[in-house]
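J.: Just a sequence and a predicted model for now, questions to come.
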Amino acid sequence: MDKEKTLELFYKQKELLDTFLLRDAISKEQYETSLTGLITKMNIAKEDLDIIITSRLILRKWRIEDAPSMFKYACEPEVGLPCGWKPHENVQESERIIKAFIDHHPYCYAICLRGDIEHPIGSIELNLHTSLCRSEDECELGYWIGKPYWGNGFLPEAGKALVKYGFEVLKYNAIWCGYYEGNNKSKRAQEKIGFVYQRTEENTDVPQLNEKRTANVSLLTKERWVSLNS
Ligand SMILES: CC(C)(COP(=O)(O)OP(=O)(O)OC[C@H]1O[C@@H](n2cnc3c(N)ncnc32)[C@H](O)[C@@H]1OP(=O)(O)O)[C@@H](O)C(=O)NCCC(=O)NCCS
């Protein structure tokens, strides 16, 4: 069986165990024992223990060797500028960014299409301790998708899976998100995930571009997420 199929099977079984644990049908000890057994039996590598699978996507951690894939999309001004960063100038710059993700961003995931786990098409992250967070139990969602893949609903799909992980596993109580005025693509993607507009902030700094912009801030509380998903 190829690696991706094994991972799919593993995560299906793990999801069952997670559900049993969430419903108190098994104890934490039973959960740990069953999970360890599954990992050994299916020969799952440590680096593959932290992936999220959706119907069309796999979210996995960035690897240094992904730099050419990242550069292919992050060199486009239409990807970086709406996020507030300069387009990448070369593969080495993408490599530096990936290294920073690996070292300092524990919840930053490469977005891959199922069937092609080796070539990420975007990035999505739960950022901790950002200026929007009011307390330790809040974080902020950030993302981009390579231009050839826009308009397929990939980001909402990845976003729904990552906020689920944020609320259920990481136990956050609220997740913030933002978009600069005029970025209607991002506004729509946030609405599809369930975020609700909160306020507009004028003259916010965009440090990497040395400019000021109007930012719109939206929020998804755990309470709302539970009600949307029940
Ligand atoms: C914002 C972004 C992540 C949305 O990802 P996505 O997977 O394309 O999301 P969706 O398919 O749900 O599309 C969202 C909206 O974008 C618009 N859109 C989709 N494809 C488009 C295209 N090729 N050209 C222009 N607009 C497009 C549509 O209005 C769509 O809303 P709709 O489905 O109600 O019509 C993606 O456009 C992107 O990476 N943009 C550049 C980086 C960025 O803005 N990041 C967010 C910073 S806050």
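T.: Now that the structure is in, tell me what you want to look at.
J.: Just say helix, strand or coil for the residue of the chain found nearest the ligand.
T.: Residue of the chain nearest the ligand, by C-beta to the nearest ligand atom: residue 151 (2.7 Å). Any C-beta I mention is one placed from the backbone N, CA and C, and that applies to glycine too. In three-state terms, and counting by DSSP: H, G, I helix; E, B strand; the rest coil, residue 151 is coil.
J.: Return the set of residues that bridge with residue 127.
T.: On the basis of DSSP bridges, residue 127 is bridged to residue 140.
J.: Tell me how many other residues crowd it.
T.: Using other C-beta atoms under 10 Å, residue 127 has 17 neighbouring residues.
J.: Is it in contact with residue 138, as I believe?
T.: No - look at residue 127 against residue 138 with C-beta atoms under 8 Å: they stay out of range, at 10.4 Å.
J.: leaving aside the residues next to it on the chain, what's closest to residue 213?
T.: Closest residue in space to residue 213, ignoring its immediate chain neighbours: residue 180 at 4.7 Å, by C-beta to C-beta, 6 or more residues apart in numbering.
J.: so what's that neighbour up against?
T.: 82, 84, 206, 213-216 (C-beta atoms under 8 Å, 6 or more residues apart in numbering).
J.: which of those lies closest to residue 75?
T.: Closest approach to residue 75 among the contacts of residue 180 (C-beta to C-beta): residue 82, at 14.5 Å.
J.: what's the closest non-adjacent residue to the closest one?
T.: In space, and not counting its chain neighbours, residue 82 is closest to residue 183: 4.8 Å by C-beta to C-beta, 6+ apart.
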